[in-house]
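Visitor: pasting the sequence and the predicted model now:
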Amino acid sequence: MICVSLGRTRHKMMIAEHQQLAQKGAQLVELRLDWLGNPPDLGRLLKDKPTPVVITCRRSQDKGLWKFGEDQRQTLLRSAIVAGVDYVDLEEDIAGTIRRYGSTKRIISYHNFDETPANLAEIHQRLASRDPDVVKLVTTAKVPEDNIRLLEVVKNAKVPTVGFCMGDLGVWSRILCRKYGAPFTYATFSAQRTMAPGQLTFEETRDVFHFDQINAETQVFGVVADPVAHSLSPLIHNAAFLAQGVNAVYLPFRIPRERFEHSLKALEALDIRGYSVTLPHKVAALELAQTKISPTAEIGALNTLFRGAAGEWCGANTDCDAALASLRLSFDPAGDPLHPQTDPLNGKRVLILGAGGVSRAIATGLIRAGAAVTITNRTKSKAADLAQSLGCVLAGWENRGAVGTDILINCTSVGMHPKVDETPFQQHWLDEAMTVFDTVYTPERTLLIAQARERGCKVVTGVDMFVRQAARQYEYFTGRSAPVEVMRDTLKKAISVVKVT
């Protein structure tokens, strides 16, 4: 179950949003009385309430907004119990003075906005001794491993326990707590009005992560990055799991660069079955892979880690296969994009803009396919290093428009939202005989793609590559053929209605 937190300054708006949530299918709503600008009118808020409610009223010392005095606050909480509300949230220090009455269930809560203390088990034991129906234990993750310690407490609790970490390092624990027995989690009505750091919206929790379908048998996958909040990978992988009835969830793990190896080893306690790996961890992840699927080692970076048959970590780079498959299909729509009898890329002149990890992966695959590759980059030294390591041609950024090419590939971020009015290659340099491939997928129709179409070029968009690399990861994760069209439709819908940064 998902408890949706509501905080508004006016009774009218809180009641209206409560009604909206009921219409959207919310099953439990937390009314944050401390947000109200005037003293709360419980009768008005509870009259004809459309869902079960949790009544919460936080003091300033607990990061709440209550300003009318402690005696009045406790009287309000007692009145809520007398009124028969479904749940009342009580801090540990007042739980003994506000007694159980009627059918109202008691949530005994502890919040720490500074850290995740070392004595979590002791704190939980104290809360459990205050006559709770539910213990709520919420702390702030300073390192990814804090989430693991807190989930361990949830797992071993004898009293139903809602436990997760706040902050961007703790987002995934808000979802995964369900696997370890949490009766519900907390979400917010709106992304613009969160009650606590790292809180997800009701729609994200329900429709992206499918919280209520998670159980003890749910397999766990995720994307590892820093930052990670912008990633659309959870959206399309979870849509694929749902479409095929796979009992799995895919989560965003923010792992700082300096903690990558330590954190991933600690996360093994949660039996995570696979990761998509992106910046800045693609090279470091190579060291964890005990088995490397060609040409991962040659590329020198990977974007996928998954468990092999013997439980070992296997590493792969799906960017390479996805990019080449997308290009091959643009030349031969009826051909085999992964194992062509005659490779349409053989002999093609390719100019790659950029010298990062995606450029290296795509260039490595193209060279293996027999293409003649030229590298250019705004920072010449990076382009020179990549060209030298791959044995291909180097071109100066200022001369990129003069390079004769059959295929132009943009592997830079130029043209990505929000700078959608920029292009890395001027339109008058484009020739109708070119194939233009832009790896940027937000938006799909970049300025480069739009101008290439105007010039009559054949185009390949970043959406195709992104979906193909994700689909290949899904196959490594699950051993199943990926529902590619489901993934593609989900991604296109998301980038058409959401501005991604």
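Guide: Cool, got the structure.
Visitor: just give me the neighbour total for the closest residue in space to Ile94 that isn't next to it in sequence.
Guide: Leaving aside its chain neighbours, Ile94 sits nearest to Gln74 (6.3 Å; criterion: C-beta to C-beta, 6 or more residues apart in numbering). Just so you know, the C-beta spots here come from the backbone N, C-alpha and C atoms, and that holds for glycine as well. For Gln74, the tally of surrounding residues (other C-beta atoms under 10 Å) stands at 15.
Visitor: the one 4 residues further on now?
Guide: Burial measure for Arg78: 15 neighbouring residues, criterion other C-beta under 10 Å.
Visitor: same question for Thr291.
Guide: Thr291 has 13 neighbours, counted by other C-beta under 10 Å.
Visitor: same check, this time on Phe164
Guide: 28.
Visitor: please enumerate residues in contact with the helix or strand where it lies?
Guide: Counting by DSSP states H and E, the element that carries Phe164 is strand 161-166. With C-beta atoms under 8 Å, 6 or more residues apart in numbering as the test, strand 161-166 has contacts from 107, 113, 116, 124, 134-141, 146-147, 150-151, 153-154, 157, 170, 173-174, 177, 181-186, 196-199.
Visitor: make it 6 Å
Guide: If you take C-beta atoms under 6 Å, 6 or more residues apart in numbering as the criterion, strand 161-166 is touched by 135-137, 139-141, 146-147, 150, 153-154, 173-174, 177, 182, 196-198.
Visitor: what packs against the very next helix or strand once past that strand?
Guide: As assigned by DSSP H and E, the chain's next helix or strand after strand 161-166 is helix 171-176. Contacts defined by 3 or more C-beta pairs under 6 Å, 6 or more residues apart in numbering; DSSP states H and E place helix 171-176 against strand 161-166, strand 248-254.
Visitor: adjacent strands (with direction) for the longest one?
Guide: Read that as strand 248-254. strand 219-225 (parallel) (DSSP bridges).
Visitor: avg pLDDT for the partner strand?
Guide: Taken as a whole, strand 219-225 has a mean pLDDT of 97.
Visitor: got the CA coordinates for that strand in CSV?
Guide: Taking Å, rounded to 0.1, in the frame of the first residue of the first chain, the C-alpha atoms of strand 219-225 are listed here in CSV:
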residue,chain,number,x,y,z
GLN,A,219,14.0,-10.0,-8.1
VAL,A,220,15.9,-6.7,-8.0
PHE,A,221,17.7,-4.9,-10.8
GLY,A,222,18.8,-1.3,-11.3
VAL,A,223,20.8,1.4,-12.9
VAL,A,224,24.0,2.6,-11.2
ALA,A,225,25.0,6.2,-11.8
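Visitor: so Val350 belongs to a strand, correct?
Guide: Yes: counting by DSSP: H, G, I helix; E, B strand; the rest coil, Val350 is part of a strand.
Visitor: ok, it touching Gly370?
Guide: No: in terms of C-beta atoms under 6 Å, Val350 does not count as a neighbour of Gly370; the distance is 10.7 Å.
Visitor: still on that earlier bit, buried among the contacts of strand 161-166? Need that as a selection in PyMOL.
Guide: Remark: buried members of these, expressed as a PyMOL selection using 16 or more other C-beta atoms under 10 Å:
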select buried, resi 135+136+137+139+140+141+146+147+150+153+154+173+174+177+182+196+197+198
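Visitor: the strands in the stretch 301-450 of the chain, which residues?
Guide: Counting by DSSP state E, counting those that start in this stretch, the stretch 301-450 of the chain has strands at residues 304-307, 313-316, 349-353, 372-376, 393-394, 407-410, 435-438.
Visitor: in its sheet, what does the third one sit against?
Guide: Yep, that's strand 349-353 we're talking about. Strand 349-353 pairs in its sheet with strand 372-376 (parallel), strand 407-410 (parallel), by DSSP bridges.
Visitor: got it, and the second one?
Guide: The strands beside strand 313-316 in its sheet (DSSP bridges) come out as strand 291-292 (parallel), strand 304-307 (antiparallel).
Visitor: so which of the ones you listed is the most packed in?
Guide: A comparison of the strands paired with strand 313-316 by mean neighbour count, using mean count of other C-beta atoms under 10 Å, puts strand 304-307 on top with a mean of 23.
Visitor: give me the contact list for that one.
Guide: Arg273, Gly274, Tyr275, Ala285, Trp313, Cys314, Gly315, Ala316, Thr318, Gln473, Tyr476, Phe477.
Visitor: mind putting those residues in JSON lines, distance to Leu28 included?
Guide: Below are those laid out as JSON lines (distance: C-beta to C-beta, whole Å):
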{"residue": "Arg273", "distance to Leu28": "30"}
{"residue": "Gly274", "distance to Leu28": "32"}
{"residue": "Tyr275", "distance to Leu28": "32"}
{"residue": "Ala285", "distance to Leu28": "39"}
{"residue": "Trp313", "distance to Leu28": "39"}
{"residue": "Cys314", "distance to Leu28": "41"}
{"residue": "Gly315", "distance to Leu28": "42"}
{"residue": "Ala316", "distance to Leu28": "41"}
{"residue": "Thr318", "distance to Leu28": "40"}
{"residue": "Gln473", "distance to Leu28": "35"}
{"residue": "Tyr476", "distance to Leu28": "37"}
{"residue": "Phe477", "distance to Leu28": "32"}
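Visitor: and the chain, what are its domains?
Guide: Per automatic domain parsing, the domain ranges recorded for the chain read 2-216, 248-316+466-497, 333-460.
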